[in-house]
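[1] Provided below are the primary sequence and the corresponding predicted coordinates.
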Amino acid sequence: MMHMTERPIRTDELVDSLRNPAAGAYASFEGWIRNHNDGLDVKRLEYEVYAPLCVSEGTKIIEEAHARWSILHAECVHRSGSLEIGECAVWVGVTSVHRDEAFDACRYIIDQVKVRLPIWKKEHYADGDSGWVNCERCGAHDGEHGHQHDGRKGHAR
Amino acid sequence: MMHMTERPIRTDELVDSLRNPAAGAYASFEGWIRNHNDGLDVKRLEYEVYAPLCVSEGTKIIEEAHARWSILHAECVHRSGSLEIGECAVWVGVTSVHRDEAFDACRYIIDQVKVRLPIWKKEHYADGDSGWVNCERCGAHDGEHGHQHDGRKGHAR
Amino acid sequence: MKKKITVRYFALFREHAGISGETLESDADDAASLFEQLKHRHGSAEPSAHCKVAINDEMADWDSPLSDGDVVLLFPPVAGG
Amino acid sequence: MKKKITVRYFALFREHAGISGETLESDADDAASLFEQLKHRHGSAEPSAHCKVAINDEMADWDSPLSDGDVVLLFPPVAGG
């Protein structure tokens, strides 16, 4: 299942929810808030999400993983709201009998979650500036819409 | 670094030792004792290790991972002694800026640890029998040495 | 034919529009046409392959037809990493 | 020429030998020859690609030469999974 939460992700409790005497392998991934991006000094991140579609699309991704690999359990939790450096933004955990399947399914889930879920992150920089991450790929060009730009990422302060 | 321990592996403490504000990705793997192998009902496992070479060879593996991928930290801990079903036998944790490197290095480390470290496991079955896992690949043939066989794996009761 | 469409803007689109959503009348046949009609709002020049659309809480294609009463969610590119 | 070699047996080899190690005199030139000479002890018919050897706490090849005073560790195949 896919879960969204505004509270800190407790990976120790989550892994306990996956425990199963038939499981021989547990592969997991965590995305942590890092203090830099594209050479800029990041102070915190804000995750804007559209939760209903995150849950339905994330659950679809996990079902795809179950269809493709022989795994026992797969779970994913994603944070929303304001996160500090070092906090866990997303966790994926997969159990299986042997390790091949756990690794492959874990990788598939995080890759798909990153591109398919309606989640946007806004970085807040050391100098007080901020910017939406990756939004430059969208085709939103400077000057075509009447808002302030900081010239860095083509986005609003 | 590679560590060997006779005590339960505390993955929550281990992941804390890897925390780094520059890390954006944490990939991990755990090997758990499962309740079955080759159709047999397993009750517990005994890990025999030769610790000095486990540490030196495991540390070599981790250094290879650092040489091959741009990662921040990589650690591995392996249990020895008697383990119950569900217990963690081995943990690998890797951090990096982006997730590709953490996943690839984590996979490399566990794959190499499984084939290169002097670690043997003996399964104890529900019926009181026991057997060394995978030892049949060794070339030790029934009847060439004067000990009892149970006929299952070609190994001693 | 005019249809009543509710539009919701997210992230950068919401900041550009200055509102999180609105209900409007549109003759747009598909999601791409609506996106084009609203470019003064969301600030994106064209429906990019990196932008996404959902209709009535289901992910949709840009050429999905629109019906009266649809709720259209306009998603700028996701963070992706 | 006879050399004094200390041998250590692990896991299945130790169970077969009934001892965890011994010090002996051997004229074996390399690890493979020593392994062959000791097959009545460790119970393995031949130095398999799956068995490993270490000399003085370093992983070694089966054709590694032996010197007087060496400590040779004989490893049955590891569990591997």
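    Arrived safely.

[2] Do a quick rundown of the helices in chain A.
    Counting by DSSP state H, chain A has these helices, from start to end: A:11-18, A:51-68, A:99-116.

[3] Please work out which of those helices is packed deepest.
    Mean neighbour count (mean count of other CB atoms under 10 Å in any protein chain shown) peaks for helix A:99-116 among these, with a mean of 21. To be clear about C-beta, it is placed using only N, CA and C from the backbone, and glycine gets the same treatment.

[4] Would you mind pulling up the elements that it packs against?
    strand A:25-32, helix A:51-68, strand A:73-79, strand A:88-96, strand B:25-32, helix B:99-116 (3 or more CB pairs under 8 Å, 6 or more residues apart in numbering or on different chains; DSSP states H and E).

[5] Save these as JSON lines, and put in mean pLDDT too.
    Converted to JSON lines, the helices and strands packed on helix A:99-116 look like this (pLDDT from 0 to 100):
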{"stretch": "strand A:25-32", "mean pLDDT": "98"}
{"stretch": "helix A:51-68", "mean pLDDT": "98"}
{"stretch": "strand A:73-79", "mean pLDDT": "98"}
{"stretch": "strand A:88-96", "mean pLDDT": "98"}
{"stretch": "strand B:25-32", "mean pLDDT": "98"}
{"stretch": "helix B:99-116", "mean pLDDT": "97"}
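
[6] For chain C, which residues are neighbours of chain A?
    When proximity is defined by CB under 8 Å from any CB of the partner chain, chain C lies next to chain A at C:10-12, C:15-16, C:40, C:43-46, C:48, C:50-52, C:54, C:57-59, C:73, C:75-81.

[7] Now, those residues that are in strands?
    Among those, the subset assigned to strands under DSSP state E consists of C:52, C:54, C:58-59, C:73, C:75.

[8] Mind checking which of those residues are buried?
    Buried members of those, scored by 16 or more other CB atoms under 10 Å in any protein chain shown, are C:52, C:54, C:59, C:73, C:75.

[9] give the contact list for the first one.
    If you count contacts by CB atoms under 8 Å, 6 or more residues apart in numbering or on different chains, C:Lys52 has them with A:118, C:59, C:75, C:77-78.

[10] Tell me the one among the residues you listed nearest to chain B.
    Nearest to chain B among the contacts of C:Lys52 is C:Val78, at 15.4 Å by CB to the nearest CB.

[11] Bridge partners for the residue lying closest to the closest one once chain neighbours are set aside, pull those for me.
    Closest residue to C:Val78 apart from its sequence neighbours, by CB to CB, 6 or more residues apart in numbering or on different chains: A:Ile119 at 5.6 Å. With DSSP bridges as the criterion, A:Ile119 is bridged to A:Val49.

[12] and A:Ile119, how far is that from C:Gly43?
    20 Å (CB to CB, to the nearest Å).

[13] now swap in A:Val94 and tell me
    For A:Val94, the distance to C:Gly43 equals 39 Å [CB to CB].

[14] picking up where we left off before, with distance to C:Ala28 as added columns, please give the helices of chain A in a markdown table.
    A markdown table is the format used below for the helices of chain A (distance: least, CB to CB, whole Å):
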| stretch | distance to C:Ala28 |
| --- | --- |
| helix A:11-18 | 43 |
| helix A:51-68 | 21 |
| helix A:99-116 | 25 |
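
[15] before we move on, back to that, between A:Val94 and C:Gly43, point out the one with more neighbours.
    Each of A:Val94 and C:Gly43 has its neighbours counted (other CB atoms under 10 Å in any protein chain shown); A:Val94 has more, 30 against 23.

[16] Would you check that my belief about the more buried one contacting A:Ala102 is correct?
    Yes. Counting by CB atoms under 8 Å, A:Val94 touches A:Ala102, with 4.7 Å between them.

[17] tell me, what's touching those two both at once?
    The contact lists of A:Val94 and A:Ala102 share A:26-27, A:71, where a contact means CB under 8 Å, 6+ apart.

[18] Just the buried subset of the residues you listed, please.
    Here, 16+ other CB under 10 Å leaves A:26-27, A:71 buried among the shared contacts of A:Val94 and A:Ala102.

[19] since we're on residue 79, how many residues are nearby?
    Here I'm looking at chain A. The burial count for A:Arg79: 23, using other CB under 10 Å.

[20] Sorry, I should have been clearer: chain C.
    Neighbours of C:Ala79 under the rule other CB under 10 Å: 22.

[21] Not counting its neighbours along the chain, what's nearest it?
    Taking CB to CB, 6+ apart, and ignoring the residues beside it in sequence, C:Ala79 has A:Lys121 as its nearest neighbour in space, at 4.2 Å.

[22] Double-check that neighbour against A:Ser130; I have them as touching.
    No. Here A:Lys121 does not reach A:Ser130: they are 10.5 Å apart, not a contact under CB under 8 Å.

[23] Same drill for these two, tell me which one is more crowded.
    Neighbour comparison, A:Lys121 and A:Ser130: the larger count goes to A:Lys121, with 23 against 20 (by other CB under 10 Å).

[24] and the residue nearest the centre of chain A, what are its bridge partners?
    Nearest residue to the geometric centre of chain A (CA atoms, centre = their mean): A:Val90, 4.4 Å. A:Val90 has these beta-bridge partners by DSSP bridges: A:Gly31, A:His78.

[25] That one reaches A:Glu30, doesn't it?
    Yes. Using CB under 8 Å, A:Val90 makes contact with A:Glu30 at a distance of 7.0 Å.

[26] What parts of chain A come near chain D?
    So chain A meets chain D at A:98-99 (CB under 8 Å from any CB).

[27] List, one by one, the residues from chain A near chain B.
    For chain A, the contact set with chain B under CB under 8 Å from any CB comprises A:11-12, A:15, A:19, A:21-36, A:85-86, A:95, A:97, A:99, A:102-103, A:106-107, A:110.

[28] So, low pLDDT: which residues of chain C?
    C:80-81 (pLDDT under 70).

[29] Now with 90, please.
    Residue ranges of chain C with pLDDT under 90: C:1, C:43-50, C:77-81.

[30] Please enumerate the helices of it.
    Ranges of helices in chain C, per DSSP H, are C:12-17, C:31-37, C:39-42.

[31] Format the CA atom coordinates belonging to the shortest one as PDB.
    The C-alpha atoms that make up helix C:39-42 are tabulated as PDB, following Å, rounded to 0.1, in the frame of the first residue of the first chain:
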ATOM      1  CA  LYS C  39      -2.000  29.600 -20.200                       C
ATOM      2  CA  HIS C  40      -2.400  33.200 -18.900                       C
ATOM      3  CA  ARG C  41      -3.400  31.600 -15.600                       C
ATOM      4  CA  HIS C  42      -0.900  28.800 -15.100                       C
END
